[in-house]
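Enquirer: okay, predicted coordinates and the sequence, questions at the end:
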Amino acid sequence: MRVLVVHAHPSPESFVSHLRDVALQELAGAGHEVRHRDLWAEGFDPVFTADERLTHSGEPVAKLERHPGLAPHVADLTWCEALILVHPMWWSGQPAVLKGWFDRILMNGVAWHLPEGANRITPMLRNVRRLVVVTTHGSPKWVNALQGEPGKRTALRSVRLMFTLGCRASWIAMYGLDRASERRRAAFERRVRRRLRRLR
């Protein structure tokens, strides 16, 4: 399976970065073809520019000519069959660098198309049939439930809709990380490993 792993955490020493390493290890061990994007390490610019907004509904070719740094990300996204996002949840949502990746890479002509006269977009990333999110929350589950888990909704109800009809999604989340013991962290790591071994 062709798998794109997108990682968003500024510290290579973080638990989230460790989970990214775990994911890459399991995917390689299972024989998947893997591409990896570390948004912070690459210095990905999350700012959705005025030009991108003004050409929001335009064709992607001209946009990518003016913003060539986006082209490799678009190529990876249109190549993969599975997208795995590994990141923390901050302020109930994805880190700004990952949200900016959504804003800039999930563009018209790549992720979606709005036919003339239509009021609903048509998804275009039919190549993606699996979405997996590996994430952590500092707060406990009940706090996130009260907040409505907006980050989860962004991934599973918005981003997922750009993929093939029936795209299967997995939400693998650890809550209460700020007070989690090493035993709990190890248990969550085992859970991530088990789920990724079953990826297909």
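Expert: Okay, I see it.
Enquirer: all helices for the protein, in order.
Expert: Along the chain, counting by DSSP state H, helices occupy 15-29, 39-42, 50-54, 60-66, 71-79, 96-105, 141-147, 150-153, 182-197.
Enquirer: and those helices, which one is worst for confidence?
Expert: Lowest mean pLDDT within the helices of the chain: helix 141-147, at a mean of 84.
Enquirer: buried set for that one?
Expert: Buried residues in helix 141-147, defined by neighbour count with 16 or more other Cβ atoms under 10 Å: residue 144. C-beta: built from backbone N, CA, C; applies to glycine.
Enquirer: again with stretch 5-25
Expert: 5-9, 15-20, 22-24.
Enquirer: using CSV, write out every CA atom in it.
Expert: Provided in CSV are the C-alpha atoms of stretch 5-25 (Å, rounded to 0.1, in the frame of the first residue of the first chain):
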residue,chain,number,x,y,z
VAL,A,5,2.8,10.0,6.8
VAL,A,6,2.4,13.7,7.7
HIS,A,7,3.9,14.6,11.0
ALA,A,8,3.4,17.9,12.9
HIS,A,9,5.4,18.5,16.1
PRO,A,10,8.3,21.0,16.6
SER,A,11,10.3,18.8,19.0
PRO,A,12,12.0,15.6,17.8
GLU,A,13,12.1,14.5,21.4
SER,A,14,8.4,14.6,22.0
PHE,A,15,6.1,11.6,22.5
VAL,A,16,4.3,12.5,19.3
SER,A,17,7.6,12.4,17.4
HIS,A,18,8.3,9.0,19.0
LEU,A,19,4.8,7.8,17.8
ARG,A,20,5.8,9.0,14.3
ASP,A,21,8.9,6.9,14.4
VAL,A,22,6.8,3.9,15.6
ALA,A,23,4.4,4.4,12.7
LEU,A,24,7.3,4.5,10.2
GLN,A,25,8.8,1.4,11.7
